[in-house]
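S.K.: Have a look at this prediction, sequence included:
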Amino acid sequence: MDVLTFGFSFRRDSYSRAVAEACVELAPEDLKIKLYDIKDIPLFNQDNEKDLPESVKSFKAAIKASDAILIVMPEYNYSVPGYLKNAIDYASRPYGDNSFYGKYAAMITESIGILGGSRAQYHMRQIFVPLGVKEMKRPELFIPFIHEKVSEGKLVDKQTRINIAEYLKAFRDFILNR
């Protein structure tokens, strides 16, 4: 199964990118996770829907070609990062051409605080509703104190790596048993 993961921050030493890269490493053998960087997607403008920017066309094609999506994101101001919501808005438009519809979906959030990005994850669940994704609601994976778990761009915390591996197995099982 092909899984597209995106949502990680653009920052050079991004904690969320380190988590996304760990997902690639720790995925069960039958889940092929591909990282997709959405940093080149411009701000959403409905005037562009008839002639989408190339970066948006590429993103939409990558979503459509995947069996599932895995959003790995930080929490910004108790919510979903604006760049992620922007990319989702573009990829779900124009009306009738929603790239997400029917895709299996899961998410992992992280933050430097104790709640591990839980508020962003709950906002993302609201965004999932009109997209028509088949969301894995349980288990959930929040990674608190992420700044203590990443070193030199790599997720090094053993327990977090175990938790990610277990989460990805649950996601695989969710997809297979639907």
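M.R.: Ah, there it is.
S.K.: From the rest of the structure, what touches the helix or strand where residue 4 lies?
M.R.: Using DSSP states H and E, the secondary-structure element containing residue 4 is strand 2-6. Outside of strand 2-6, the residues that reach it under the criterion CB atoms under 8 Å, 6 or more residues apart in numbering are 20, 23-24, 27, 31-38, 59, 62-63, 65-72, 84, 87, 171. For every residue, glycine as well, the C-beta is placed using N, CA and C.
S.K.: List the contacts of the spatially most central residue of the chain.
M.R.: The structure's the chain has its C-alpha centroid closest to residue 71; by CA atoms, centre = their mean the separation is 1.0 Å. For residue 71, the contact set (CB under 8 Å, 6+ apart) comprises 5-7, 84, 105-108, 124.
S.K.: Please identify which of the residues you listed is nearest to residue 164.
M.R.: Checking those against residue 164 by CB to CB gives residue 108 as the nearest, at 7.1 Å.
S.K.: got a pLDDT number for the closest one?
M.R.: According to the prediction, residue 108 has pLDDT 98.
S.K.: quick check: angle from the one helix or strand it maps to to strand 2-6?
M.R.: Assessed by DSSP H and E, residue 108 sits inside strand 104-110. Note on geometry: by axes from the mean of the first three to the mean of the last three CA atoms, to 10 degrees, strand 104-110 and strand 2-6 are set 40 degrees apart in direction.
S.K.: and strand 104-110, what does it pack onto?
M.R.: Helices and strands in packing contact with strand 104-110 are listed as helix 15-26, strand 68-74, helix 118-131, strand 134-135, strand 141-143, helix 158-176; criterion 3 or more CB pairs under 8 Å, 6 or more residues apart in numbering; DSSP states H and E.
S.K.: for those, which one sits closest to residue 48?
M.R.: With distances scored as CB to CB, the stretch of the helices and strands packed on strand 104-110 nearest to residue 48 is helix 118-131 (19.6 Å).
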